[in-house]
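Asker: have a look at this prediction, sequence included:
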Amino acid sequence: MEQEGSAEKVNMAFIAAIVAVATIGGFMFGYDSGVINGTQKGLESAFDLGKLGIGINVGAILVGSSIGAFGAGRLADIIGRRGVMMVSAILFLGSALLAGAAGSSALFIIARIIGGLGVGAASVISPVYISEVTPAAVRGRLSSIQQVMIITGLTGAFVANFALARYAGGSTATLWLDYPAWRWMFWLQAIPAAIYLLALLAIPESPRYLVARGRDADAEVVLTRLFGAQEAARKVVEIRGSLAADHHRPKLSDLIDKVSGKVRPIVWAGIGLAIFQQLVGINVVFYYGATLWEAVGFSEDNALQINILSGVLSIGACLATMTLVDRVGRKPLLLTGSAGMAATLGVVAWAFSTAITGADGGVSLPGSNGLIALIAANLYVIFFNLSWGPIMWVMLGEMFPNQIRGSGLAVAGFAQWIANAAISVSFPALAASPGLAITYLGYAVFAFISFFFVRAMVHETKGRELEDMQG
């Protein structure tokens, strides 16, 4: 497919191919995050873990992710966007092999931290790369593919976990080579990681990175393949002009306004978007979904199937967002998502507040409340993936001016993963102490607050060129 550029043709086929490769990083992000969901019984029995131990082992990836996200922005300004994605692919591959083979909780935690470094780096660099090689008119749509691939990766992990557990007779049952199924759940990840690494060799470096490094001729070659020769020459001039007047290399201190001496408002907006995306509790569903549904009376097999349902609904919601984001804009979708999540989370909290404990110690939801909780939880997942799921990554990839894009992403990405860690590690203890109802009510409150944050702090970026971003 081709689209008219300013005087020539935009090579949409080439752009689509580049985006397809870059978003494999999103798939790996999702798979590495989701594979833990379904392995927790295996971890608990293999390493003799309690509630806190499970939280630490599950949350270990988030330690690496926060470091990877913070370091990736600066590293991308040094070795390039593609270079960081290649490092991420190597980390994914190593983590998959080591996590499956871990003989102790400590070694497993190290493996997951390594994987987290790749997740964090891919989470912030893939959207930046996509935004820097796509036309403004379709940038939101193409950037949204990142979230589609994240959810596809999550769903792929859920399907693989379900299939392996069903084939073996349970996640802790022996599978091939006398290893339990839960270990194979991690080893299977090595296949897409290797594909990602090889595919990255076929895509070019970001032209905006090349200009920032003084490689204007190389940038023009890439831009010519993307937009045609005449548009490429104009773009190089635009990109060069959008950088700081002294043409210094991007650095973290650029986030401070030179006149006021304070952090730029756009940076606070990015941090807020990143944090609120996690404070609404979405990764509790993705990390603990199987455990959560088993806790209210569903079997392991049914709980794993519910994970797959949530993943499929998430993909459908993200695809819907792709058709809307460049039409209605980013901000209206965020506002809709905040309102929808607040309402549905409130219903989930109410349903869990009715849970009863049987004589055998088992917990269940009375009457139709289990069905109500299931429907509300999946509506919540749909609202998230119609809005905050993809839109947060779209905006972080495009909202910062060229000079501070890498540094802005580093800080916002770090904040996002710290919030993710706080929610994910705390969930097992919170769910066991104040209970699921209070925990989900807390997430509902954050969703409610996020509505007013968006109204006050977030500015629409639909259709704007990256060189026109201010902050």
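Answerer: Thanks, I have the structure now.
Asker: go ahead and confirm L154 touches G311.
Answerer: Yes - counting by Cβ atoms under 8 Å, G311 is a contact partner of L154 at 5.5 Å. C-beta coordinates here come from the backbone N, C-alpha and C atoms, glycine included.
Asker: who's more crowded, the two?
Answerer: In terms of neighbours (other Cβ atoms under 10 Å), L154 is the more surrounded of L154 and G311; the figures are 30 against 27.
Asker: confidence score at G115?
Answerer: pLDDT, G115: 89.
Asker: do the same with L309
Answerer: The predicted structure lists L309 with a pLDDT of 78.
Asker: just I145 next, same as before
Answerer: Confidence per residue is given as pLDDT, and for I145 that number is 75.
Asker: okay, now the residue lying closest to it once chain neighbours are set aside: neighbour count?
Answerer: With Cβ to Cβ, 6 or more residues apart in numbering as the measure, T23 is the residue that lies nearest to I145, at 5.0 Å, once sequence neighbours are left out. Around T23 there are 28 other residues, counting by other Cβ under 10 Å.
Asker: again, but for G340
Answerer: Residues lying near G340 (other Cβ under 10 Å) number 19.
Asker: per-residue confidence averaged over stretch 98-107?
Answerer: If you average the pLDDT over stretch 98-107, you get 84.
Asker: ok, now stretch 460-467?
Answerer: Along stretch 460-467, the predicted confidence averages to a pLDDT of 70.
Asker: got it, and stretch 356-365?
Answerer: Per-residue pLDDT values over stretch 356-365 give a mean of 62.
Asker: before we move on, what about stretch 229-245?
Answerer: Per-region confidence: stretch 229-245 scores 71 on mean pLDDT.
Asker: just stretch 28-37 next, same as before
Answerer: On average, stretch 28-37 scores 78.
Asker: contacts for whichever strand or helix holds V21 next, please.
Answerer: V21 is part of helix 12-22, with elements assigned from DSSP states H and E. Counting contacts by Cβ atoms under 8 Å, 6 or more residues apart in numbering, the residues outside helix 12-22 that touch it are 1-3, 85, 126, 129-130, 133-135, 142, 145-146, 199-200, 202-204, 225-226.
Asker: flag every buried residue along stretch 427-444.
Answerer: By 16 or more other Cβ atoms under 10 Å, the buried positions in stretch 427-444 come out as F427, P428, L430, A431, L436, A437, T439, Y440, L441, G442, Y443, A444.
Asker: which parts of the stretch 51-200 of the chain are helices?
Answerer: 51-79, 81-101, 105-133, 139-168, 181-187, 190-200 (DSSP state H, counting those that start in this stretch).
Asker: out of those helices, deepest packed?
Answerer: The densest packing among the helices of the stretch 51-200 of the chain, expressed as mean neighbour count by mean count of other Cβ atoms under 10 Å, is seen in helix 105-133 with a mean of 26.
Asker: list the helices and strands the host helix or strand of V312 packs on?
Answerer: Counting by DSSP H and E, the element that carries V312 is helix 300-328. Applying 3 or more Cβ pairs under 8 Å, 6 or more residues apart in numbering; DSSP states H and E, we find helix 300-328 packed against helix 139-168, helix 282-295, helix 330-353, helix 369-386, helix 388-398.
Asker: any idea how far the helix or strand following the last one is from the chain center?
Answerer: Spelled out, it's helix 388-398. The helix or strand immediately downstream of helix 388-398 is helix 405-432, counting by DSSP H and E. Here helix 405-432 shows a centroid-to-chain-centroid distance of 11 Å under the convention Cα atoms, centre = their mean, to the nearest Å.
Asker: quick check: V138 touching T323?
Answerer: No - counting by Cβ under 8 Å, V138 does not reach T323; the two are 11.4 Å apart.
Asker: where does pLDDT dip in the stretch 1-150 of the chain?
Answerer: Across the stretch 1-150 of the chain, the stretches falling below the confidence threshold (pLDDT under 70) are 1-10, 51, 136, 139.
Asker: just to revisit the earlier point, so what sits against both of L154 and G311?
Answerer: Once Cβ under 8 Å, 6+ apart is applied, the residues that L154 and G311 both contact turn out to be G34.
Asker: measure L255 to S407 for me?
Answerer: Applying Cβ to Cβ, to the nearest Å, one obtains 5 Å for the distance of L255 from S407.
Asker: quick one on the thing from earlier: angle of the helix holding V21 against helix 81-101?
Answerer: Between helix 12-22 and helix 81-101, the angle formed by their directions is 40 degrees, by axes from the mean of the first three to the mean of the last three Cα atoms, to 10 degrees.
Asker: how about helix 12-22: buried residues?
Answerer: For helix 12-22, the buried set under the neighbour-count rule, 16+ other Cβ under 10 Å, comprises M12, F14, I15, I18, V19, V21, A22.
Asker: any idea how far I203 is from the second one?
Answerer: Right, the one you point to is F14. Look at F14 and I203: by Cβ to Cβ, they are 10 Å apart.
Asker: equivalent analysis for the last one, please.
Answerer: Taking Cβ to Cβ as the measure, A22 falls 7 Å from I203.
Asker: Throw the helices and strands packed on helix 300-328 into JSON lines and include distance to A101, thanks.
Answerer: Below are the helices and strands packed on helix 300-328 laid out as JSON lines (distance: least, Cβ to Cβ, whole Å):
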{"stretch": "helix 139-168", "distance to A101": "16"}
{"stretch": "helix 282-295", "distance to A101": "22"}
{"stretch": "helix 330-353", "distance to A101": "37"}
{"stretch": "helix 369-386", "distance to A101": "33"}
{"stretch": "helix 388-398", "distance to A101": "32"}
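Asker: now do the contacts for I24.
Answerer: Shown in contact with I24 (Cβ under 8 Å, 6+ apart): M149, P192, I195, Y196, A199.
Asker: quick check, the second one in contact with F29.
Answerer: To tie it back to what came earlier, the one meant is P192. No - in terms of Cβ under 8 Å, P192 does not count as a neighbour of F29; the distance is 11.0 Å.
Asker: which residues are in contact with each of those two?
Answerer: Taking Cβ under 8 Å, 6+ apart as the contact definition, P192 and F29 share the neighbouring residues G153.
Asker: dump stretch 370-379 to CSV, keeping only the CA atoms.
Answerer: Taking Å, rounded to 0.1, in the frame of the first residue of the first chain, the C-alpha atoms of stretch 370-379 are listed here in CSV:
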residue,chain,number,x,y,z
GLY,A,370,-19.0,-15.1,40.2
LEU,A,371,-20.4,-14.5,36.7
ILE,A,372,-20.8,-10.8,37.5
ALA,A,373,-17.2,-10.5,38.6
LEU,A,374,-16.0,-12.3,35.5
ILE,A,375,-18.0,-10.0,33.2
ALA,A,376,-17.0,-6.8,35.0
ALA,A,377,-13.3,-7.9,35.1
ASN,A,378,-13.3,-8.5,31.3
LEU,A,379,-15.1,-5.2,30.6
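Asker: rewinding a little: pull the distance from the helix holding V21 to the chain's centre.
Answerer: A distance of 20 Å separates the centroid of the chain from that of helix 12-22, by Cα atoms, centre = their mean.
Asker: now do it against helix 105-133, angle only.
Answerer: Relative orientation of helix 12-22 and helix 105-133, computed by the same axes, to 10 degrees: 160 degrees.
Asker: what's the angle from helix 12-22 to helix 139-168?
Answerer: Computed by the same axes, to 10 degrees, the angle between helix 12-22 and helix 139-168 is 40 degrees.
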